[in-house]
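**Q** model the following, please.
(one chain, ligands or ions: 2)
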Amino acid sequence: MPQPVMPRCWRVETKPHKFCPGCGHGLVLKALGEAIDELDIQGRTVFGCDIGCSLLSWDFFNIDSVQTHHGRTTPVVTGIKRANPQLITIAYMGDGGGYAIGSQHLVNAAARNENITVILANNTVYAMTGGQMAPTTMPRQKTETSPYGRDPEVTGPPMQGPEMVAAITGQGAYVARGTVSNLRQLKGYLKKALLNQIEGKGFSFVEALSACPTNWRTNAEETWKFVEQDMVKYFKVGEIKNPASAEKAG
Ligand SMILES: Cc1ncc(C[n+]2csc(CCOP(=O)(O)OP(=O)(O)O)c2C)c(N)n1
Ligand code: SF4
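**A** Ligands and ions are numbered 1, 2, ... in the order given. Here you go, the predicted structure:
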């Protein structure tokens with residue numbers, strides 16, 4: 001039977017992957033795989049994944065990979081990069097891992113402008129543990145721990161991660177928000193983030209709006225409506241900080 005076309009750096013023997021049908025993680029990792037192929041960096045890349053559904057990517061690539069404690073992928077890949085600056089290091093995590101339990105690591109790595117790439121899948125919930133409210137849960141969104149809908153008066157507004165990272169990073173950082181509903185654009189952002197690291201410019205961060213139909217309890221149509229119409233009301237897709245534009249402007 002003909003095999004579906006996969007990025008060259010994917011590990012074919014671990015496919016089909018372990019994410020639920022309709023999950024956004026596989027799409028983010030497809031865009032990342034194609035970005036790695038096109039930059040031809042498979043042999044010198046190290047991939048780190050977090051706890052949460054991102055951990056299901058621990059054997060996703062034919063790339064040296066490490067799976068870390070919840071929220072600790074950013075400091076782990078920072079250490080690898082500092083020990084061997086020739087490597088290209090990627091930290092892959094969910095919004096719970098990056099913006100809740102691992103937020104201190106994200107904030108401090110960003111503030112130090114560490115020359116690493118962080119990719120964060122924002123699916124608005126803690127998915128692996130059963131769909132609890134996350135920092136990115138949207139106003140009025142129902143989750144296991146906000147059964148009447150998130151009330152921003154009580155719990156604050158959804159976390160704007162890339163905007164926060166852009167504000168605290170120095171010159172040379174690259175920050176963008178893409179979406180699994182536009183994989184070509186997402187791949188472009190991921191390539192620019194990795195190139196930023198290759199060129200030694202500083203921290204690079206891409207948030208990807210992602211889907212969790214299992215915990216959202218949505219069918220295919222409702223899932224895509226949530227990503228394409230509802231999420232983008234709070235999470236603006238686009239480049240937020242790009243050293244190349246700053247160079248042109250200067
Ligand atoms: C130190 C620690 N605290 C809590 C947990 C429980 N835990 C496992 S996955 C998870 C949430 C994952 O959510 P997120 O990071 O958004 O990733 P997703 O599953 O949505 O992709 C939590 C709280 C843990 N494994 N380790
Ligand atoms: S629970 Fe959600 S995020 Fe986790 S694999 Fe399933 S669809 Fe994906």
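**Q** for the protein, what lies in contact range of ligand 2?
**A** Counting by CB under 6 Å from any ligand atom, the residues of the chain lying close to ligand 2 are 19-20, 23, 25, 53, 123, 127-128, 212-215. Where C-beta positions appear, they are placed from N, C-alpha and C, glycine not excepted.
**Q** so which of the residues you listed are also by ligand 1?
**A** The subset of the residues of the chain next to ligand 2 within reach of ligand 1, by CB under 6 Å from any ligand atom, is 53, 123, 127-128.
**Q** of these, which is the nearest to residue 229?
**A** Distances from residue 229 to those, taken as CB to CB, are shortest for residue 123 (15.7 Å).
**Q** against which helices or strands is the helix or strand of the chain with the lowest mean pLDDT packed?
**A** Taking mean pLDDT, DSSP states H and E as the measure, the helix or strand of the chain with the lowest value is helix 243-249, at a mean of 77. Helices and strands touching helix 243-249, by 3 or more CB pairs under 8 Å, 6 or more residues apart in numbering; DSSP states H and E: there are none.
**Q** show residues contacting it.
**A** Contacts with helix 243-249, where a contact means CB atoms under 8 Å, 6 or more residues apart in numbering, come from 171-174, 192, 196, 201-202, 239.
**Q** quick one: buried ones out of those?
**A** 172-174, 192, 196, 201-202, 239 (16 or more other CB atoms under 10 Å).
**Q** redo these as CSV? Include pLDDT.
**A** Formatted as CSV, the buried ones among the contacts of helix 243-249 follow (pLDDT from 0 to 100):
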residue, pLDDT
172, 96
173, 98
174, 98
192, 98
196, 98
201, 97
202, 97
239, 98
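**Q** just curious, which of the residues you listed is nearest to residue 103?
**A** residue 173 (17.1 Å).
**Q** OK, contacts around the closest one?
**A** Contacts for residue 173 (CB under 8 Å, 6+ apart) come out as 110, 113, 165-166, 196, 201-205, 241, 243.
**Q** show me the helices in this structure, by range?
**A** Under the criterion DSSP state H, helices of the chain are mapped to 25-39, 73-83, 95-96, 103-111, 152-155, 161-168, 183-198, 213-216, 220-225, 232-234, 243-249.
**Q** contacting residues around the third one?
**A** Contacting residues not belonging to helix 95-96 are listed as 52, 70-71, 120-124, 126, 134-136, 159, 161 [CB under 8 Å, 6+ apart].
**Q** pLDDT below threshold where in this protein?
**A** For the chain, applying pLDDT under 70 flags the ranges 1, 249-250.
**Q** sorry, back to before: return a PyMOL selection command for the buried portion of the residues of the chain next to ligand 2.
**A** Buried members of these, defined by 16+ other CB under 10 Å, are picked up in PyMOL with:
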select buried, resi 19+23+25+53+123+127+128+212+213+214+215
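**Q** any chance of the residues of the chain next to ligand 2 in CSV, plus distance to residue 221?
**A** Shown next, in CSV, are the residues of the chain next to ligand 2 (distance: CB to CB, whole Å):
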residue, distance to residue 221
19, 20
20, 17
23, 16
25, 20
53, 22
123, 17
127, 20
128, 25
212, 16
213, 11
214, 16
215, 17
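**Q** neighbours around the closest residue to ligand 1 within the chain, how many?
**A** Closest contact between the chain and ligand 1, by CB to the nearest ligand atom, is at residue 94 (2.2 Å). By the criterion of other CB atoms under 10 Å, residue 94 has 31 neighbours.
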